[in-house]
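>>> sequence first, then the predicted structure:
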Amino acid sequence: MVAKNAEIIMANKISKRFKELNSKFDKNKVYIKDNAIDIIKTLASAKFDETVEIAMKLNVDPRHADQMVRGSVVLPSGTGKSVRVAVVAKDVKADEAKAAGADLVGAEELIEDIQAGNIDFDVLISTPNMMGLVGKVGRTLGPKGLMPNPKTGTVTMDITKAVENAKGGQVNFRVDKQGNIQAGIGKASFTKEQLDENLTTFVRAINKHKPASSKGRYIKNSAISLTMSPSVHLDVLELMEIK
């Protein structure tokens, strides 16, 4: 009973905080990104540096291969998140990975660690010739979104660039079965200019990946929010003009 009462008190506190945040803007209105970022900056209320997230609903049907939207983009101001990078490589490429700042580098021994459930990294990069080995743990990596893929630049011979991108703010995106894409584009502590630049860069990448077979309004709706805040709806007509 005590635990239940504590849950109710916590829920009431969260509800009250959300009501206060909702009162700061019109939830039924769509905002140009400049105004939306201003609002987001006023909504930071957590005791930690909240992530600024963008969510987009695209007019695509991922069940068709030619409408799958997937790729990566390096945000100019980074994500504000510390990223641990692992690289599956041998010999010269392994040395290259270490020099570039990879946190974990290996071949068979790294795959064995993954098989044992030791996944102490956020991004996994592999040279093309090692993908046969990586395939052994595909069922483990796939559901976690960690499987290296050429489309996200994580299967490559340019290990230095891949590691630097991962460490420097690369965001991978992939539309889900319902046509949704979501990604972190910075932190509440970022300046307005940094958030605007990151948001613009991310949306530009999504627009560049528009499938030729997608007809009508490509971005159906979009919003930005903080980890612990309500969403602020974005003007999709403005977003689709970002090229």
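That came through fine. Residues are numbered from 1 along each chain as shown.
>>> need the next SSE after the helix or strand bottoming out on mean pLDDT in the chain, C-terminal direction.
Lowest by mean pLDDT, DSSP states H and E among the helices and strands of the chain is helix 2-22, with a mean of 59. Going down the chain from helix 2-22, the next helix or strand is helix 33-43, by DSSP states H and E.
>>> any regions of this structure where pLDDT drops low?
1-14 (pLDDT under 70).
>>> so G80 touches I185, yeah?
No - using CB atoms under 8 Å, G80 is not in contact with I185; the gap is 9.4 Å. Any C-beta I mention is one placed from the backbone N, CA and C, and that applies to glycine too.
>>> neighbour count for the two, which is higher?
Counted by other CB atoms under 10 Å, G80 and I185 do not tie: I185 has more neighbours, with 28 against 20.
>>> residues touching the more buried one, list them.
With contact set as CB atoms under 8 Å, 6 or more residues apart in numbering, I185 has these partners: V52, E53, I54, L75, T79, V171, L195, N198, L199, F202, I224.
>>> before we move on, what about G168?
G168 neighbours (CB under 8 Å, 6+ apart): V74, G78.
>>> enumerate the positions of stretch 75-83 that are buried.
For stretch 75-83, the neighbour count (16 or more other CB atoms under 10 Å) marks L75, S77, G78, T79, G80, V83 as buried.
>>> quick check: nearest residue in space to the last one, chain neighbours excluded?
Here the nearest residue to V83 in space, its sequence neighbours aside, is D122; by CB to CB, 6 or more residues apart in numbering that works out to 4.8 Å.
>>> distance of the one you found from N172?
Distance of D122 to N172, computed by CB to CB, to the nearest Å: 10 Å.
>>> check contacts around the spatially most central residue of the chain.
Most central in the chain under CA atoms, centre = their mean is A183, positioned 3.2 Å from the mean C-alpha point. By CB under 8 Å, 6+ apart, the residues touching A183 are E53, I54, V171, F173, F202.
>>> which SS state does it fall under?
strand (DSSP: H, G, I helix; E, B strand; the rest coil).
>>> so it bridges to which residues?
Beta bridges link A183 to I54 when assigned by DSSP bridges.
>>> roughly how far apart are it and M228?
For A183, the distance to M228 equals 17 Å [CB to CB].
>>> over to Q170?
Distance from Q170 to M228, by CB to CB: 25 Å.
>>> okay, those two: which has more neighbours?
Q170 (22 against 18).
>>> excluding chain neighbours, what is closest to the more buried one?
In space, and not counting its chain neighbours, Q170 is closest to V74: 4.8 Å by CB to CB, 6+ apart.
>>> contacts only, for that neighbour.
Contacts of V74 by CB under 8 Å, 6+ apart are N165, G168, G169, Q170, V171, T201.
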